[in-house]
Every structure is written in structure tokens, then in C-alpha cells.
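>>> coords please:
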Amino acid sequence: MLCWDITYLRTDVAGSFFYLYLMTEIFSRRIVAAKVHEAESDEHAARLFAAVVRRERIPAGQATLHSDNGPAMKGATLKATLDRLGVTSSFSRPRVSDDNPFVESLFCTMKTRVGYPKKPFSSVEGAQTWVDRFTAWYNDEHRHSALNWVTPGARHTGADIELLRRRRRTYERAKKRNPGRWTGSIRNCDPTPPVTLNPARKRGPDGALAA
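Residues are numbered from 1 along each chain as shown. This is a model prediction of the structure:
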């Protein structure tokens, strides 16, 4: 499943913004597209997603695209493009503000990490250059806490399995050499299981939904 959203990027003109269209894959948390535009429109989104389908070689009927309910997300051009490509649309539930958490979390990481520009962007090209650098760092250097501290790129390619095996062996050797430093088992080194949007919650004996 893919998720996408748009966030504002400040410009050096008061009251004016650039718009970052960002798409991520929830299995790997990898950023698959990040494009800066001067306006918010479903035409930009349609072109972006069509390019993603070509580049990632996504077969018709094999992808779902999740978003919130903004105008750009429900525009006719984007809808027609997704229908043509055989992509299923998914939207946040009405009046639920946190139904697109993967992209929202990514935006938070982007704007609060060390290195986010303190000054506004002066051009689309300058904003895109910074976003491209962030994307490369996030995909291939950032060890994601939700992925058991492997990079989204490693998760996407399957390299995380061997990385975590090696990590487990390293911990096991360390515990064997210095058992007194360990009060329990080594840390979890299993690959993170797949996640879903809004997973069904189990009900307790009293019928209440579990937290």
C-alpha cells in the first residue's frame, strides 16, 4: 500500500508557500516520490503517481493509494488516472484527523530533524534540492525505529533480514563474552511484521475495544 499527502514549505514571500507532494510505501516506509510544486492540484498528483507506477513497475490491480480527503486527493484527474492504472483509492475516515499516520509522521521527521532549513525556501529548485537530499538520507541512512532500526531501503530490498541476523549474532557473542552485563535476553532482532492502516482491534471480555 502507498500513502501520500501534501505539506506546505515556507517561502521567502510572506503568505506564499511551495507544496511538497510526498508518497511513501507503508511496508518499508520508503519514500517513493517527493516533488515540490508552486500550487496544489490533482493534476500534479496524477502525473506524480503515473510516474511512480512506471518506475516501480506496479501491475494493475496490485496497489492501493491512501490519502486524506483534501481537494487534490479527490480530484477528477487523479481519479481517472488511478482508474486507468488499476489502482484502488483509499481515504481517511470522515472527521478523523490522524488517519494517514505514516505520511504525517514522515513530515514530522522531515521538519524537526537537524538540518531542516531555518530560512524559507527562495525557489522551487532550491526546495527540491533539499527534499532530494532528505529523501536519500531517509531511505538509505536513517535507521527507522518502526523497522527495528534498519533503513527503509534495506527493508524494501529484503536486506533487513540478513542485517538483523548479523545483529542477533553480534548480541549473542557479546552476551557470551560478558554474561554479567546482561540481566535478561538480548534485544529483539526479528524483522518487523507488516503493518496495515487502521487494523481491527480486538474486544475484551466486557466488549470494549482494546487500546
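
>>> Which secondary structure element is home to residue 19?
Counting by DSSP states H and E, the element that carries residue 19 is strand 17-25.

>>> In terms of secondary structure, what does that strand contact?
strand 2-10, strand 31-37, helix 42-56, helix 101-112, helix 124-140 (3 or more C-beta pairs under 8 Å, 6 or more residues apart in numbering; DSSP states H and E). All C-beta spots, glycine's among them, are computed from the backbone N, C-alpha and C.

>>> Now the longest one: average pLDDT?
Taken as a whole, helix 124-140 has an average pLDDT of 97.

>>> what does it rub up against?
Helix 124-140 is touched from outside by 9, 18, 20, 30-31, 34-38, 106, 109-110, 115, 117, 121, 151-153, with contacts defined as C-beta atoms under 8 Å, 6 or more residues apart in numbering.

>>> what comes up buried for the helix or strand just after that helix?
Per DSSP H and E, the first helix or strand lying C-terminal to helix 124-140 is helix 152-157. Going by neighbour count (16 or more other C-beta atoms under 10 Å), the buried part of helix 152-157 is 152, 153, 154, 155, 156.

>>> Identify the residue spatially nearest to the first one, adjacent ones excluded.
Among residues not flanking residue 152 along the chain, residue 30 sits closest, at 3.9 Å (C-beta to C-beta, 6 or more residues apart in numbering).

>>> where's the one you found relative to residue 19, distance?
Counting by C-beta to C-beta, to the nearest Å, the gap from residue 30 to residue 19 is 21 Å.
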